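**Q** sequence and computational prediction follow.
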Amino acid sequence: MSDFVHLHLHSHYSVLDGVSKVPDIVKKALADSQPAIALTDHGNMFGAMEFHKYAKDKGIRPIYGCEFYITPLGRYHKQKSDKNYFHLVLLAKDYEGYMNLMQLSSIGYQEGFYYKPRIDREVLAEHSKGLVALSACLTGELPYYILKEDEASFREAFDWYVGLFGKENFILEIQNHGIPEELVAAKRLIALSKETGLKLVATNDAHYIEKEDEILQQIVFAIRDKSLLSDPNRFRYANNEFYMKSGGEMAKLFAEVPHAVTNTLAVAEMCQFDLGPYLKKMHIPQYPLPESETADSTLHARALDGLNSRFNSNPAPEYIERLEMELGVIKKMGFSNYFLIVSDYIEFAIRQGIAVGPGRGSAAGALVAYCTNIPNIDPIRYSLFFERFLNPERVSMPDIDSDFQDDRRDEVKEYIRSTYGYNRTADIITFGMMKIRNALKDVGRVLGIPLEEVNKLTKLIDDKAAIDKRAFAKVLEEEPDNYKEIRQKLKDGSPDERKWIEYALKIDGTIRNIGTHASGMIISDVPLKEIVPLYKDQNNINNVTQYEGEFLEANGLLKMDILGLGNLSLIKDCLTRIRKKHHIEIDIDKIPLDDPKVFELFANGYTMGIFQFESDGMTEYLKQLRPNTIDDLIAMNALFRPGPIQYIPNYIARKHGREEVDCHHPSLEGVLMPTYGTIVYQEQVMQIGQIMAGYSLGEADSVRRIMAKKKKEEIEKLRPSWIERSAARNYDPKLAEKIFDIMVPFSEYAFNKSHSAAYSVLAYQTAYLKTYYPVEFMASLLSQNMGTSDDIRNYCKECAARDVPVLPPDVNESEWQFADLGSSIRFGFGAVKGIGEAFADAVIEERRLGGWFVSVDDFIRRMSVYGEFKKNTLEILLRCGALDNIIEGDEKMLEKAVLLNNVDCYISQIQQENKQKEIGQLSLFDNGGNGDCTIHMNRKCTPVSLKDDFENELQTLGFYLSGKLFRSVIDKVGDITSYRHTLQSRLRQGTPLYLWGYISEVTIKTGARNSQYAVFNFETQHDSFRFFLFSEKYEQFKPFVQPNAFVCVRAVITMGNNGLQYDVLSVKPIDDLLGARETFNELHIFLDNNHTENGFREKIERIRNMAREDSNRGQLRMIFHTFEENLPVTVSASGRFVTRYSKELIAEVKALPNLKGYWMY
């Protein structure tokens, strides 16, 4: 055993100061055979629970501590002075000491925070019991006065600390990091120890593990201070001695006072406190009830009332039996108060008109929850299990997550705080980790690595690795076939490159910043500061726990998740619009869940804006699946995730009878037939275990959890019992083994059906609104996404595709949000760049008071009295088109140019006029006696062109809304394409395309052999595309691949490494199309495979007759595409379908039933 114990040590929880991770600290202490170790992070106890866990697991005794900032000025003094704080190390001897550590750390943040979390002598005196105090480093009060040669202050401080802690508990601390001042302080403290008999200990102010890790500390300092490592003036420690020295190294350093080293063992012996036994107590909050009632009886009564209310006082016996079973388990486990509290704040939300989600997570499997209005999902209807939520055979805390409309979620949280006590509620801290991408970026910046090189390397790291819980160094070790370019740079890169990556790998997983959990809350039965230390930053007025969520359950605390969901705000807003416009009150929770028109929307892929169903991949699968029940949606929601997504084609083929459904045994048909023989849900794994092996559902859930963890040894331990128990129930052992082998991988992928069911119902609700109220729905959807130009652009294109035009902003009709106007939508001020809500409110108020604006002059005169009206506001309104409808004159584009060129003049003259009005000076020179002066403007302007308008809209809206340039091209050449990207997966490889539109963004990248290539975003009238243009083609077409350029693109659909892609053949200026320099030989027509619709054959015959009757028959050959049995089909029409292009031909094509798109080539 070592003769030394570290008593002064920092981890990465001393944020951007220490770089040691807790497991590495414990590992290093064990390697040196130290029997105990202390963690003393700066001012906080963030790492105490992780430290406790790792130390106890490895058999080393944890000493809980903290290096506090103690201010001589008083903790409420928040002004700079010569000495804002000293350091003081405190260690817990016993539980009272641990409690006092928590109290002091909480006070430091909640009362004394000023740059640092500070305490003062007053609170230290109140919370000194059970603590050992060390006099700390050079920043400690005693060393400070020694170096200042202030003997009086030194003596006063010494006497105060000894008087407070007693001679046994106040320890003199000396250090030797090779800093001369430390030797001066140590000499005095050694003498003082001899003089007074106080213990003397030697410590090393460890901030990193090994000596060579000092560079990592320098790097995190530079990250913190936004400096470069090459900056000679940056902050750094004196040298590289601040590492975890071994006992032998410490003995050599302090050879003249060996007892200072061995005394660390004596101090460690004083701190024998074990936190473990104190963590077992549950702190379930109490729901306020009269003394005559109990939580158990109240929950029982309310659940029964809810059951009767749900089923018109006639619930089926199955429901009554299930409810009584659940209530019994909840009572036995002591969670009745929890259910009552969750039900209480959900009822509050409902009373306040705050939208509440239908459910979330495994809580939807609890009938008690359904009967107390927590989720709105019937668990028996959807075959959901209570045991998946609360397993009576595995003691664990319940965890009910609740969704609320995101713009009013804070009201619910405030209700919880005010109802259950501000001192008993808290948000939950989170630690933002430096994951590998950010580590590479941060380290690259401080080392001065060129940004282009940094971006190039970080893009090699996929999203999976970026969020992997493993350190990236571990990923590289365990996945030898991946990330070869990074491995190559580590091996053969330049010295700077190798250092950069090596340092990033080392700080990967260290803490970079502190945040607050987006939804988690804690409610306790006692003041929280008695259980966990609390944190509060300058921007947060609410309590926040210093321990992360995963360690709060270990402290007996229940977590509530109060989540904000934008889709609930969307539904709420849409229902409000419907009520105002149609005078209809829709209860979204009572709409029929079997409406064929709603499922038709899913089947046709019109899912943009539909919760969890709007991605391209999901949309394509939905078109193949053609869902017709809510259960289809639940299954797709569960399957469309990494892992199970591979089974979707089988699921679709089995639904449509193209693949045999195998349930493996008749007894499993009831479980597997609803999902066509595929294990989709965790609940199915549980049912199979119950049926075959005779497990209770609680046992089956425990088995499922083991299988899902992918730990082979644990899984194999289950196998013999599984086969034996199944055989005892008359199943063939070979079948039992086969089913076991099937279940293992599916257990890893299987999804929680409770969650999938709840969110699929929510998706159906949004689809219902989109089906029956498309204008109101899309207006709400656009309003919910006003901060994202890309989303607004895509949703506007969806509106156009659904015959819901989005009109440009207009000062007479626009609101802050998007306004629904009959069959169209008016663009909202909130989505115009540079327009603030205060100004928009002023415009709306002025319209209400004075009616519509009749001219630009009228608008400016009336709005100029509002303080929010500025020169740049007028320019924005002119550029975005919001004033177009009130610009006077025959040549509106000229008038618009005049206004844009005279904004300063216009505004200043009217402001001058307003000032003169105020002092009554307008009389002689007024205009007809109405008080309005004639505005003199320079009219020598060139009219605003369509291209100018286009660029103005891009600048103010972020995309091109009005489409005037598109229409001008169509007027000249006709509407030659309606192709959308969604058709790509339904067309054969090799299908050619011709598109025209504008390039919205271009990114130039460097590929292999330093060759350049372009990635550009391309906007057509109908859709958005992302194209790649490589090497030779990029060089050939570079002049035309420019931002905002209108171009024509020829491409072909090919198969790439990641699936179907577009191979760009050419990019040419739009003038080639306008000048008739483009020739077309093919007209491609994509039709849905339902060709039996009324009128289809007649329409085709009319097109054929047009071709036959055309005396100037051209060379335009028609090619028909469709999609049958999940395969693209292309039919090249016979000679009877060869004709010439005409607008009449396109009109006939557009009239074809089931037309999904057409394009020329």
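**A** Received it, and whenever you're ready, just let me know what you need. What you see is a predicted model; the values in this text were computed from it and never measured. Numbers count the residues shown, from 1 in each chain.

**Q** so which bits of stretch 661-669 are buried?
**A** 661, 665, 668 (16 or more other CB atoms under 10 Å). C-betas here are computed from N, CA, C, even on glycine.

**Q** and the residues you listed, which is closest to Gly248?
**A** Leu668 (64.6 Å; CB to CB).

**Q** which residues does that closest one contact?
**A** By CB atoms under 8 Å, 6 or more residues apart in numbering, the contact list for Leu668 reads 688, 691-692, 739.

**Q** repeat for Phe86
**A** Counted by CB under 8 Å, 6+ apart, Phe86 has contacts 69-72, 136, 139-141, 144.

**Q** on that earlier part again, would you turn the buried residues of stretch 661-669 into CSV with pLDDT and distance to Ala31?
**A** Shown next, in CSV, are the buried residues of stretch 661-669 (pLDDT from 0 to 100; distance: CB to CB, whole Å):
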residue, pLDDT, distance to Ala31
Val661, 96, 58
His665, 96, 54
Leu668, 96, 53
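
**Q** for the residues you listed, which one is nearest Gly97?
**A** Using CB to CB, the buried residues of stretch 661-669 come closest to Gly97 at Leu668, 58.3 Å.

**Q** could you break the chain into its assigned domains?
**A** If you go by automatic domain parsing, the domain ranges for the chain are 22-277, 295-430+516-567, 435-509, 568-766, 773-957, 963-1078, 1079-1161.

**Q** if we can go back for a sec, pLDDT-wise, what's the bottom of the contacts of Phe86?
**A** Of all the contacts of Phe86, Pro72 has the smallest pLDDT value, namely 93.

**Q** for it, which non-adjacent residue is closest in space?
**A** Lys83 (6.5 Å; CB to CB, 6 or more residues apart in numbering).

**Q** one step back: buried ones among the contacts of Phe86?
**A** Among those, those buried by neighbour count (16+ other CB under 10 Å) are 69-72, 136, 140-141, 144.

**Q** among these, which lie within strands?
**A** Among the buried ones among the contacts of Phe86, DSSP state E puts 69-70 in strands.

**Q** wait, which of the contacts of Phe86 is closest to Leu558?
**A** Once CB to CB is applied, the member of the contacts of Phe86 that ends up nearest Leu558 is Tyr69, at 32.4 Å.

**Q** returning to what we had before: Pro285: which of the domains of the chain is closest?
**A** Pro285 lies closest to domain 295-430+516-567 among the domains of the chain, at 4.3 Å (CB to CB).

**Q** isn't Arg793 right next to Ser1024, touching?
**A** Yes. In this structure Arg793 lies within contact range of Ser1024 using CB atoms under 8 Å: 6.9 Å.

**Q** state the pLDDT value of the residue sitting nearest the centre point of the chain.
**A** Centre of the chain computed as the mean C-alpha position; nearest residue by CA atoms, centre = their mean is Ala518, 9.4 Å away. Ala518 is assigned 86 on the pLDDT scale.

**Q** now do Asp1110
**A** Value listed for Asp1110 in the pLDDT field: 62.

**Q** and the nearest residue to His259 once chain neighbours are set aside, how close does it get to Phe170?
**A** Counting by CB to CB, 6+ apart, His259 lies nearest to Leu200, which is 6.9 Å off, once chain neighbours are set aside. Counting by CB to CB, to the nearest Å, the gap from Leu200 to Phe170 is 11 Å.

**Q** cool, Gly108 as well?
**A** For Gly108, the distance to Phe170 - CB to CB - is 20 Å.

**Q** looking at those two, which one has more neighbours?
**A** Per other CB atoms under 10 Å, whichever of Gly108 and Phe170 has more neighbours is Gly108, with 29 against 21.

**Q** next one: that one from Asp595, what distance?
**A** 58 Å.

**Q** what's the answer for Lys915, then?
**A** 63 Å.

**Q** which of these two has more residues huddled nearby?
**A** For Lys915 and Asp595, the more surrounded residue by other CB under 10 Å is Asp595, and the numbers stand at 15 against 11.

**Q** Val775 contacts Arg826, doesn't it?
**A** No. Val775 is not in contact with Arg826 according to CB under 8 Å; the separation is 10.8 Å.

**Q** show me the contacts for Lys833.
**A** 876, 955-958.

**Q** most neighbours, which of these?
**A** Leu957 (24 neighbours).

**Q** so who does Ala355 touch?
**A** 349, 404-405, 408, 568-569, 571-572.

**Q** from Gln405, how far off is it?
**A** To Gln405, Ala355 is 4 Å away according to CB to CB.

**Q** about what we covered before: just the contacts of Lys833 now: which is nearest Asn543?
**A** Closest to Asn543, out of all of the contacts of Lys833 and judged by CB to CB, is Gly958, at 39.8 Å.
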